[in-house]
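J.: Below are the sequence and a predicted model; questions follow.
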Amino acid sequence: MQKNQPLKLQDLMASFDRWAPFAWQENYDNSGLILGNPGQEAERGLICLDLTLPVVEEAIGMGAQVVISHHPPIFKGLKRIDPENGIGKMLRLSLANNLSWIALHTNLDNVADGVNAYLCRAFGLQETRALVPLKGLYGKLETFVPEANLQDVARALSEAGCGQYRNYDSCSWHTRGQGRFRALENARPFVGEKGSLHTQDECLLQMLYPIHKTALVVEQLRQAHPYEEPAFHLLPLDNSWDDAGAGIVGDFPAPLSEKDFLERLKALTGAACIRHSGFQQRKIRRMALCGGSGAGFIPQARSQKADVYVTADLKYHDFADATPGTWLVDVGHFESEQFAKQLIYEHIRKNFPTFAVSISERSVNPVFCY
């Protein structure tokens, strides 16, 4: 039996960032390390959907040093704190017991294998893609490399995350040409002589790179490139990326009736009540899904020709304005995002198998049905 091993929060955060980059969270969000020091060590962690006072007390009682939640416990600015009530008491108890807070929210929603994908896999959907693809996630790196060093530089850049997209990696494009330069007195040229104009056979190497890894990519380029001062360009791209973004769309292997669909949805989520915009004897072939509050993406679900759009927190007028084309189904906020707990748990167990972590027993749905 393996002994549980502590880890630093910065290592846990780095693992989360590789999986669900914090740079991919929406601009209104507050994912990341909310309370705590990156250098702090943790021996035990607790996972929840919402960080509430009962969850904080549970974490303290079990000796945990970090709680990982889906919803950020501090979402908007705090103007006053009462240490005996609400968030103030949670902060006071957490600080007194060295308990840190981490949140994985819209960054976990926006990755291809995130919260929305969990339910889609359970449904067996095929040909899945983001409902609202993110833009500006990638840039293009251009650099000039001596032909003899091309493969080494391209390999090093691939290790930093360049040239990766969907089911491919090490993607690059290059063409031959000639570069000219003169090394001045204080230079240490790899090729050519000081004071003399030099012409060098080179390759133009182009690779995609993830914007949130820009610093790492540049550092790796400088280390791998033979030149003292490598020339390079970083060009932002506005492309949409179908494998990253809010919500998800996919097709069923075989069409379902409306009632069969609702029965499967209720069984998968445990929902006590599912609200919808009415039966019309549809055949459900394509589903759009956005866990949590997704009313703002109804137009995108329609444009994707989804037969059903599953989300939460729909209002009266969302149902009243529903068109025959896309059936609106509100399964509930907790019901649609509860799978985040299992996703986070599986990620930690896979990457830190000797770290003690468990799912909260007090992270429950705050909404009850009579």
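T.: It's in.

J.: ok, and the closest non-adjacent residue to Q25?
T.: Spatially, and ignoring its direct neighbours in sequence, Q25 is nearest to N107 (4.1 Å; Cβ to Cβ, 6 or more residues apart in numbering). For the C-beta atoms, the positions are set from N, CA and C on the backbone; glycine is no exception.

J.: Buried residues in stretch 168-186, which are they?
T.: Neighbour counts over stretch 168-186 (16 or more other Cβ atoms under 10 Å) mark S172, H174, G179, F181, A183 as buried.

J.: what are the phi and psi angles of the residue nearest to Q25?
T.: Main-chain torsions, N107, degrees, to the nearest 10: phi -70, psi -30.

J.: burial measure for it, as a count.
T.: Other residues lying near N107 total 22 when counted by other Cβ atoms under 10 Å.

J.: what's the answer for D330, then?
T.: D330: 24 surrounding residues under other Cβ under 10 Å.

J.: Tell me what it is bridged to.
T.: For D330, the beta-bridge partners are R275, T311 (DSSP bridges).

J.: wait, isn't it in contact with Y309?
T.: No. At 9.6 Å, D330 does not count as touching Y309 under the criterion of Cβ atoms under 8 Å.

J.: Just name the closest of the buried residues of stretch 168-186 to N365, please.
T.: Nearest to N365, judged by Cβ to Cβ, of those is S172 at 48.4 Å.

J.: a strand runs through A301, doesn't it?
T.: No. Using DSSP: H, G, I helix; E, B strand; the rest coil, the secondary structure at A301 is helix, not a strand.

J.: State the number of residues packed around the nearest residue in space to Q281 that is not next to it in sequence.
T.: Nearest residue to Q281 in three dimensions, chain neighbours excluded: E258, at 7.2 Å (Cβ to Cβ, 6+ apart). E258 has 19 neighbours, counted by other Cβ under 10 Å.

J.: Identify the residues contacting E258.
T.: Shown in contact with E258 (Cβ atoms under 8 Å, 6 or more residues apart in numbering): F279, Q280, Q281, R282, I284, W327.

J.: what do you get for P366?
T.: For P366, the contacting residues are D50, F334, by Cβ under 8 Å, 6+ apart.

J.: just V56 next, same as before
T.: If you count contacts by Cβ under 8 Å, 6+ apart, V56 has them with V67, M90, L93, S94, L99.

J.: I'd assumed it was in a helix, is it?
T.: Yes. V56: assigned to a helix according to three-state DSSP.

J.: Skipping adjacent residues, who's closest to it in space?
T.: Once flanking residues are discounted, V56 sits nearest to M90: 4.9 Å by Cβ to Cβ, 6+ apart.

J.: in stretch 21-34, what's buried?
T.: P21, F22, W24, Q25, D29, N30, S31, G32, L33, I34.

J.: for stretch 251-263, same thing?
T.: Of the residues in stretch 251-263, D251, F252, L256, E258, F261, L262 count as buried by neighbour count, 16+ other Cβ under 10 Å.

J.: for the helix or strand containing the first one, packing partners?
T.: If you go by DSSP states H and E, D251 is part of strand 240-257. Using 3 or more Cβ pairs under 8 Å, 6 or more residues apart in numbering; DSSP states H and E as the contact criterion, the secondary-structure elements in contact with strand 240-257 are helix 115-123, strand 126-135, strand 283-293, helix 298-303.

J.: So which of those is nearest E142?
T.: Closest to E142 of these, according to Cβ to Cβ: strand 126-135, at 20.5 Å.

J.: between the closest one and helix 115-123, how many degrees?
T.: With axes from the mean of the first three to the mean of the last three Cα atoms, to 10 degrees defining the directions, strand 126-135 sits at 170 degrees from helix 115-123.

J.: Excluding residues flanking it in the chain, which one is nearest F279?
T.: E258 (5.3 Å).

J.: Looking at the contacts of E258, which is nearest L53?
T.: For the contacts of E258, the residue nearest L53 by Cβ to Cβ is W327; the value is 38.4 Å.

J.: surely the closest one meets S277?
T.: Yes. Between W327 and S277 there is a contact under Cβ under 8 Å: 6.0 Å.

J.: the more surrounded of the two?
T.: For W327 versus S277, the count of surrounding residues by other Cβ under 10 Å is larger for W327: 23 against 20.

J.: got a list of what that one touches?
T.: Shown in contact with W327 (Cβ under 8 Å, 6+ apart): E258, H276, S277, G278, Q280, R282, I284, D307, V308, Y309.

J.: go again using 7 Å as the cut-off
T.: Residues in contact with W327 (Cβ atoms under 7 Å, 6 or more residues apart in numbering) are H276, S277, R282, D307, V308.

J.: likewise A306?
T.: With Cβ under 7 Å, 6+ apart, A306 has these contacts: V249, R286, M287, A288, T326.

J.: Let's have those in TSV, adding neighbour count, pLDDT and distance to E43.
T.: Shown next, in TSV, are these (neighbours: other Cβ atoms under 10 Å; pLDDT from 0 to 100; distance: Cβ to Cβ, whole Å):
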residue	neighbour count	pLDDT	distance to E43
V249	25	96	42
R286	19	96	46
M287	27	97	42
A288	27	96	42
T326	22	91	48
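
J.: if we can go back for a sec, out of the contacts of E258, which one sits closest to R121?
T.: I284 (17.1 Å).

J.: any idea how far F252 is from the closest one?
T.: Here I284 is placed at a distance of 7 Å from F252 (Cβ to Cβ, to the nearest Å).

J.: With A59 instead?
T.: Per Cβ to Cβ, A59 is found 40 Å from F252.
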